[in-house]
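[1] quick one: sequence plus predicted model below, questions after.
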Amino acid sequence: MKIPSSIWTLLIGIVLTLVSFWYGQNHGLLPAAATDEAVLVDGLFNTMMVVSTGIFLLVEGILIYSAFKYRRRAGDNEDGPPVEGNIPLEILWTAIPAIIVFGISVYSFDVYNEIGGFDPHAIHEAPMSQESMKMPGAALAATLSDTPGSSEPNLNQEKSDQAMQDPATAKVRNADQIPQLRNAPGVGSVAPTIGGSPDRTGNPAELRVNVTGLQYAWIFTYPETGITTGEMHVPIGREVKINMTANDVIHAFWVPEFRLKQDAIPGRQSEIRFTPKKAGDYVLICAELCGPYHGAMRAPVVVETEEAFGKWQQEQLVASKETLNQAIAVNPADLSPNEFLAHYTKEMGIQPEILDQVHH
C-alpha cells in the first residue's frame with residue numbers, strides 16, 4: 001500500500017517537532033543556572049535551540065533527500081527541467097523566518113525587561129536634545145567619552161560618592177585620580193545598568209557589594225560590614241546589588257552560571273542586580289581584554305546558605321580585628337626554613353630530609 005505524501009509530511013513534521021523540543025531542552029550546552037535571572041535567560045536560549053534545531057533538520061533533510069532523489073543517473077546527459085520558481089513557496093519561506101525573528105525579538109525584550117535591563121525612565125536622565133539630532137556622526141561619537149557641560153546632575157559622581165562613603169571601598173578605589181564622566185546628554189550614553197526586576201523596582205537590594213576591577217584582580221568590599229576580600233560570597237535568596245568600576249582600563253564582570261555580564265569602566269559606575277538560587281563555587285571571569293595577563297584575571301564566587309554566609313562574615317570580621325601577621329599571613333620570621341618552604345617543597349616533590357641536608 002502506498003502511503004500518501006500528506007501522511008509522510010505529517011509524520012516527518014511530528015518527528016522533527018519532537019526531536020527539536022527534546023534537544024532544545026536537553027542540549028547540555030549551558031552551565032548550571034545559579035541565579036533567578038539565569039532561569040529566564042535559559043528559557044530564551046532553549047527556545048532558540050528548539051527553533052534552530054528544527055530548521056537545521058528540515059533544511060539539511062531536504063538537501064540530503066534532494067541530492068539523492070534527483071541525482072544524475074548513469075547515461076542521463078539531458079538538461080534538467082527549466083524550473084523558473086514558485087512564488088507561493090518563496091512567500092512562505094520568507095514569511096516564516098520573519099515571524100520567527102519577530103517572535104524571538106519580543107521574547108528577548110521580555111526577558112531583558114524581567115532581569116531589569118530595561119528602565120523606561122532612563123531616557124529622562126539623558127533626554128534627546130535638538131542639538132544632538134543635528135550633530136554629524138563624528139561629533140555624536142565624541143560625546144560618548146567627552147561629554148560637554150550640562151545642568152543635569154552627574155549621576156556617576158553621585159554613585160561614586162555614595163560608594164566612597166564606605167572606608168573599605170575608599171581604600172581600594174582611585175576615584176580621586178579618575179574623573180567621573182557625565183552621562184552624555186542628548187545621546188543616551190549612560191553607565192551600563194541591570195536593575196531590579198519589575199516587581200522589585202524602587203525597592204533597595206538586600207545586599208550591596210562594591211566591586212573594583214584592576215589589572216589583574218577583582219576586589220570586593222561590603223559596605224554594611226566593612227569587609228574587604230578577594231572572593232565574593234553571596235547568600236541564597238537575597239537580591240544582590242553590585243556597584244562596579246575600574247581603576248585603570250575596562251574590565252567585564254562575568255559569571256557564566258549567573259548568565260549576566262557587565263562592563264566595569266573607569267569613570268563610570270556600573271550596576272547589576274541578581275538573586276542567587278543555587279549554592280556552589282563559581283568563577284568570576286574578566287570578559288574584556290585588559291592586558292597581557294587578562295586570562296588570569298579571575299576570582300572565586302561562593303553562593304551559600306544564609307547561615308554559611310553569616311558565619312563567613314563573622315570570620316572575616318574577627319580576622320580584620322587581629323594583627324596583620326596573624327590574620328592575613330604567617331610571619332616568616334617565626335618559621336624555620338623547613339617550615340617556611342614546606343608548602344613549596346611538597347608541591348615539587350622534595351622530601352624534607354633532602355632540604356635539611358641542603359641547609360646543613
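    Received, thanks. Because the structure is predicted, anything quoted here is derived from the model rather than measured. Residues are numbered from 1 along each chain as shown.
[2] give me the secondary structure label for the most centrally placed residue in the chain.
    In the chain, the C-alpha closest to the average C-alpha coordinate belongs to K261, at a distance of 2.2 Å (Cα atoms, centre = their mean). The assignment at K261 comes out as strand when based on DSSP: H, G, I helix; E, B strand; the rest coil.
[3] if I look at it, how far off is E37?
    For K261, the distance to E37 under the criterion Cβ to Cβ, to the nearest Å works out to 11 Å. In this view, the C-beta of every residue, glycine as well, is placed from N, C-alpha and C.
[4] before we move on, the earlier item: would you confirm that the residue nearest to the centre of the chain contacts A287?
    Yes. Between K261 and A287 there is a contact at 5.7 Å, judged by Cβ atoms under 8 Å.
[5] report the contact partners of the residue nearest to the centre of the chain.
    Contacts for K261 were tallied using Cβ atoms under 8 Å, 6 or more residues apart in numbering; they are 252-254, 287.
[6] ok, back up a step: so what sits against both of K261 and A287?
    Joint contacts of K261 and A287 (Cβ under 8 Å, 6+ apart) are 252-254.
[7] now the helices for the stretch 51-200 of the chain?
    87-114, 130-133, 137-142, 155-164, 167-172 (DSSP state H, counting those that start in this stretch).
[8] gap between L58 and R71?
    Spatial separation of L58 from R71 under the definition Cβ to Cβ is 21 Å.
[9] more crowded one of the two?
    A count of neighbours by other Cβ atoms under 10 Å puts L58 above the other of L58 and R71, at 14 against 8.
[10] nearest residue to that one other than its sequence neighbours?
    L16 (6.1 Å; Cβ to Cβ, 6 or more residues apart in numbering).
[11] neighbours of that neighbour, how many?
    Each residue near L16 was counted by other Cβ under 10 Å, and the total is 17.
[12] list the contacts of it.
    Taking Cβ under 8 Å, 6+ apart as the definition of contact, the neighbours of L16 are 54, 57-58, 61.
[13] and the pLDDT for it?
    Listed pLDDT for L16 reads 92.
[14] what are the C-alpha coordinates of the one helix or strand it maps to, in CSV please?
    Assigned by DSSP states H and E, L16 belongs to helix 5-25. Once non-C-alpha atoms are left out, helix 5-25 reads as follows in CSV (Å, rounded to 0.1, in the frame of the first residue of the first chain):
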residue,chain,number,x,y,z
SER,A,5,2.7,12.2,0.6
SER,A,6,0.5,14.2,3.0
ILE,A,7,0.8,11.4,5.6
TRP,A,8,4.6,11.3,5.1
THR,A,9,4.7,15.1,5.5
LEU,A,10,2.7,14.9,8.8
LEU,A,11,4.8,12.1,10.2
ILE,A,12,8.0,13.9,9.4
GLY,A,13,6.7,17.1,10.9
ILE,A,14,5.8,15.3,14.1
VAL,A,15,9.2,13.6,14.4
LEU,A,16,11.1,16.9,13.7
THR,A,17,9.0,18.7,16.3
LEU,A,18,9.6,16.0,19.0
VAL,A,19,13.3,15.9,18.3
SER,A,20,13.6,19.6,18.2
PHE,A,21,11.8,20.0,21.6
TRP,A,22,13.8,17.2,23.2
TYR,A,23,17.2,18.6,22.1
GLY,A,24,16.2,22.2,22.9
GLN,A,25,15.6,21.2,26.5
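[15] report the buried residues of it.
    Taking 16 or more other Cβ atoms under 10 Å as the neighbour-count basis, helix 5-25 is seen to contain the buried residues 16, 20, 23-24.
[16] so which strand or helix has the closest residue to K261 other than its chain neighbours?
    With Cβ to Cβ, 6+ apart as the measure, W254 is the residue that lies nearest to K261, at 4.2 Å, once sequence neighbours are left out. W254 is located in strand 251-255, with elements delineated by DSSP H and E.
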